[in-house]
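1. A predicted structure for the sequence below; I have some questions about it.
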Amino acid sequence: MKHIVVVGAGLIGARHAQSVQNHPQCHLVGVVDPNRDLHLDPKMTYYTDMKVITDHVDGVIIASPTHLHADHGQFAAKNGWDILIEKPVTETLEQAEALNEVIAQTGVASLVGHHRRYHKSLQHLKHLIEHGEIGDPVTATVIWAMRKPDAYFERNWRSTGGSPVMINLVHDIDVLRFIFGDICNVRALGSAHIRNADRVESGAALLAFDSGLTAAISFADTASSPWGFEAGTGENPNIATTDQDMMWITGTKGGISFPSMTKWGGATDWSKAPIPQALPCQITAPLNEQLIHFVDVMERKANPLISVFDATKTLDITLQIEALIAQEQKENRIVKGG
């Protein structure tokens, strides 16, 4: 039985706590959050700080705001607690490198919560791409667009730090890295013209991969649409399910749309229409699959599907996109001001 603490009682923390409670090999020690207004479940044990926990702890799931990840991760590691830390792994590359160093020094097991990697359908997609089912991959196109409720940003850290790049796009970047490998070049544009907030709200990113593949991502947290990973897969109970595709991959011998796992093939040139084929795929709850894997990692039965080191590469690309958008917006303000 693994005794686990969840740090953070927000939307994702609550889901992690429920997942731990439902796992037959896990015992939820409690949930840590300094905001007592989030201590909502009378049957749950709550703490305001990790430092006050005296019960035995084997591992911790860190689902606190991103700027706290590094401190919480280092505290856990120095106490000998194995770590599952939510994405983005930390707020800065320097924090990620410091955390990775502490993890190496203490020898604790660690895993980063890019949970989409645990979708069986995504793992199957990766397998198909790697085995040449659509020939050599050429392009990937991703859309993530939904209208977040205004309450999502009210009286919390998201009011200024709630960029969809760091909160949402980081997932799509990691999905593309998981399937296609390392990214070698980045371009990006952004806008904040709907809510006029002090953060990017929408935009587009272009990514070039070492393999030669290029990918385009369109994103917005101000646009109502059926296209997005959560909406398409139904993975998040807080987001309505649409069952619509949100990623389209082309190759020299065909293409695949996801998450429907529709393969298009049979056309040797543009004079022939590609033929659609629905590929079988298994539906799983990714947070539950991630927790099962975390237990295996804690028991040293498996290597982490995504380590702090690997997740730092995803963070690096995400921060590059943020920086490019910030620079572009700054230049636009200078031009308009002039």
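-> Yep, it's here. Numbering: from 1, shown residues only.
2. surely residue 328 meets residue 187?
-> No - using C-beta atoms under 8 Å, residue 328 is not in contact with residue 187, being 9.9 Å away. Quick note: C-beta positions are derived from backbone N, CA and C, even for glycine.
3. out of these two, which sits in the busier spot?
-> Using other C-beta atoms under 10 Å, the more surrounded residue of residue 328 and residue 187 is residue 328, with 17 against 14.
4. state the distance from that one to residue 93.
-> 21 Å (C-beta to C-beta, to the nearest Å).
5. residue 278 too?
-> Between residue 278 and residue 93 the distance is 41 Å, computed by C-beta to C-beta.
6. hey, where'd the strands end up in the protein?
-> 2-7, 26-32, 46-47, 59-62, 82-86, 110-113, 137-145, 183-191, 202-209, 214-220, 247-251, 254-258, 262-265, 275-278 (DSSP state E).
7. for the stretch 101-250 of the chain, which spans come out with low pLDDT?
-> 155-157, 159-161 (pLDDT under 70).
8. tell me the contacts of the residue nearest the centre of the chain?
-> For the chain, residue 171 is the residue whose C-alpha lies nearest the centre (C-alpha atoms, centre = their mean; 3.1 Å). By C-beta atoms under 8 Å, 6 or more residues apart in numbering, the contact list for residue 171 reads 87, 114, 116, 229.
9. in helices, which of these appear?
-> Under the assignment DSSP state H, those contribute residue 229 to helices.
10. from the contacts of residue 171, which two are the most distant?
-> Using C-beta to C-beta, the two most remote members of those are 87 and 229, lying 13.0 Å apart.
11. longest helix in the chain, by residue count?
-> Ranked by residue count, the top helix of the chain under DSSP H comes out as helix 308-337.
12. tell me the buried residues in that helix?
-> For helix 308-337, burial by neighbour count (16 or more other C-beta atoms under 10 Å) applies to 308-315, 317-322, 324-326, 328-329.
13. quick one: contacts of stretch 227-237?
-> So stretch 227-237 is in contact with 15, 116, 119, 121, 143-146, 171-172, 175, 226, 239-247, 258-260, 285-286, going by C-beta under 8 Å, 6+ apart.
14. try 7 Å this time
-> By C-beta atoms under 7 Å, 6 or more residues apart in numbering, the list of residues contacting stretch 227-237 from outside reads 116, 119, 143-146, 171-172, 239-246, 259, 286.
15. just the ones of those residues in helices?
-> Those of those lying in helices (DSSP H): 171, 172, 286.
16. and the nearest residue to the second one once chain neighbours are set aside, how far from residue 86?
-> The reference is to residue 172. What sits nearest to residue 172 in space, not counting adjacent residues and going by C-beta to C-beta, 6 or more residues apart in numbering, is residue 142, at 5.2 Å. To residue 86, residue 142 is 21 Å away according to C-beta to C-beta.
17. and for residue 195?
-> Distance, residue 195 to residue 86, using C-beta to C-beta: 25 Å.
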